[in-house]
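*Asks:* Sharing a sequence plus its predicted fold:
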Amino acid sequence: MSDVIAFIGGGNMAASLIGGLIAAQHPAGRIRVAEPDLARAQSLRERFGVSVLATAAAMLDGVDTLVLAVKPQQMAGALQGLQVAPGTCVVSIAAGIRLELLQGLLGPQAHYVRSMPNTPALYGAGISGLYASPQTPDGARARAETVLRAAGEICWLAQEEDLDAVTAVSGSGPAYFFLVVEAMREAGVALGLSPQTATQLATRTCIGAARMLEAGTLDAAELRVQVTSPGGTTEAALCALENAGLRSIFERALAAAARRSAELGNELARDVPIPPN
Ligand SMILES: NC(=O)c1ccc[n+]([C@@H]2O[C@H](COP(=O)([O-])OP(=O)(O)OC[C@H]3O[C@@H](n4cnc5c(N)ncnc54)[C@H](OP(=O)(O)O)[C@@H]3O)[C@@H](O)[C@H]2O)c1
C-alpha cells in the first residue's frame with residue numbers, strides 16, 4: 001500500500017510535488033494537505049482530488065511522510081503544537097531551515113530529511129539536493145526520495161552545508177539561465193533584429209542546446225568544442241566571453257549565493273525560538 005503523504009503548505013512547490021506524485025500513480029486518497037488559503041485549497045482539491053484542510057493538526061494521524069512546504073519564516077508558526085508519531089519521515093523543502101532546528105521544533109522521534117528543489121519541478125524537470133544525518137534509516141531516505149523524485153532528479157549530499165552550494169548552483173540556477181536568454185535577446189536587438197525575432201532565436205537556441213545536453217552523449221565542454229570551428233564565428237564570441245572573465249564572474253556569483261544561503265540559515269537559527277520540551 002502506498003504511503004500516506006501530508007503536506008504543510010499547499011503553495012507552488014507543494015503543488016508541483018503533488019502533481020508529480022499523482023502523475024507517478026500515487027493515490028490521491030493517500031495525499032493530504034494543510035493550506036489556509038481558501039482559493040489555493042480549492043484549486044488543489046479540483047486539480048488533484050486530494051483532501052485539503054485549513055490546519056495541519058487534524059491530518060497527522062497515520063501519516064508516513066510529512067512534507068514541510070511553507071516559507072522558512074512561516075515554519076515555526078506552522079509547526080507550533082504539532083505532534084508527529086515516532087518514525088514519521090519529515091521532509092523539509094524550506095530554504096535555510098537546518099535539521100537541528102526542525103528537530104527542536106518537532107522532536108527527536110521523527111526522521112528528518114532536508115532538501116532543496118528548484119522551479120523546473122513545475123514541469124517534473126527539477127533537480128533536488130537531499131541531506132539526512134548518517135543515522136537516518138534507509139526507509140526514511142526512500143520515503144523522501146519518493147516525494148522529491150516526483151519533481152525530477154535527486155542527488156544525496158555528504159554534509160548539510162552542501163545545501164548552500166546546491167542552492168547556489170541549482171536552486172537559484174534557473175535565474176542565471178533566464179539572464180543569459182535576456183542578454184542574448186538584447187544583443188540580437190543591438191545587431192538589428194526585431195525584439196520578437198531576437199526573443200524567439202535566443203529562447204529556442206537555449207532550449208535546443210539544453211536538449212543536446214540532456215541527450216547525454218557528450219558533456220557541456222565536449223559539445224562546446226564540437227560546435228566551435230577554429231577561426232569561426234562561435235570562437236570569436238567565446239573568446240570575447242572568456243576574455244571578459246565569464247568563468248570568474250560565475251565563480252563569484254555562485255559564491256555570493258552560497259554565502260547568502262548560509263547567512264539566511266544563521267538568521268533563521270537565531271530568530272526562530274525552539275520551544276522548551
Ligand atoms: N519556489 C521555489 O523555487 C523553491 C525552491 C526551493 C525551495 N523552496 C521552498 O519551498 C517552500 C515553499 O515555497 P513556495 O514557493 O511553494 O511558497 P508558497 O507558494 O508561498 O507556498 C507556501 C504556502 O504555505 C501556506 N501556509 C502558510 N502558513 C501555513 C500554515 N501554518 N499551515 C499550512 N500552510 C501554511 C501559505 O499560505 P499563505 O500564502 O496564506 O501564507 C502558502 O500557500 C519554501 O520554504 C521555499 O524556501 C521553493
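*Replies:* Thanks, I have it. Residues are numbered from 1 along each chain as shown.
*Asks:* mind listing what the residue lying farthest from the centre of the chain touches?
*Replies:* Distance to the chain centre peaks in the chain at Gly231, reaching 40.7 Å (criterion: CA atoms, centre = their mean). By CB atoms under 8 Å, 6 or more residues apart in numbering, no residues touch Gly231. Bear in mind the C-beta positions are built from the backbone N, C-alpha and C, glycine included.
*Asks:* Give the rounded mean pLDDT of the helix or strand where Gln196 lies.
*Replies:* Using DSSP states H and E, Gln196 maps to helix 195-215. Averaging pLDDT along helix 195-215 yields 96.
*Asks:* continuing past that helix, what's the next helix or strand?
*Replies:* Beyond helix 195-215 on the C-terminal side, the first helix or strand identified by DSSP H and E is helix 220-226.
*Asks:* what packs against the helix or strand following that next one?
*Replies:* Next in sequence after helix 220-226, counting helices and strands by DSSP H and E, comes helix 233-243. Contacts defined by 3 or more CB pairs under 8 Å, 6 or more residues apart in numbering; DSSP states H and E place helix 233-243 against no helix or strand at all.
*Asks:* can you pull the contacts of the residue of the stretch 151-277 of the chain found nearest the ligand?
*Replies:* Closest residue of the stretch 151-277 of the chain to the ligand, CB to the nearest ligand atom: Gly171 (5.4 Å). Residues near Gly171 by CB under 8 Å, 6+ apart: Ala95, Met116, Pro117, Asn118, Ala257, Ser261.
*Asks:* So which of the residues you listed are in strands?
*Replies:* If you go by DSSP state E, the contacts of Gly171 have Met116 in strands.
*Asks:* Point out the residues in this structure that sit beside the ligand.
*Replies:* Residues of the chain found near the ligand (CB under 6 Å from any ligand atom) are 8-14, 34-37, 40, 56, 69-72, 74, 77-78, 93-95, 116-119, 171.
*Asks:* if you set the cut-off to 8 Å instead, what comes out?
*Replies:* 8-16, 34-37, 40, 54-56, 68-72, 74-75, 77-78, 92-97, 116-119, 121, 167, 171, 174 (CB under 8 Å from any ligand atom).
*Asks:* Narrow those to those in helices?
*Replies:* The helices, defined by DSSP state H, take in Asn12, Met13, Ala14, Ala15, Ser16, Arg40, Met75, Gly77, Ala78, Pro174 from these.
*Asks:* Could you pull up phi and psi at the closest residue to Arg45 other than its chain neighbours?
*Replies:* Take Arg45 and drop its neighbours on the chain: the residue closest to it by CB to CB, 6 or more residues apart in numbering is Val52, 5.5 Å away. Per-residue torsions, Val52: phi -130, psi 130 (degrees, to the nearest 10).
*Asks:* related to what we said a few turns ago, list buried residues within the ones in helices among the residues of the chain next to the ligand.
*Replies:* Buried members of these, scored by 16 or more other CB atoms under 10 Å, are Met13, Ala14, Ala15, Ser16, Arg40, Met75, Ala78.
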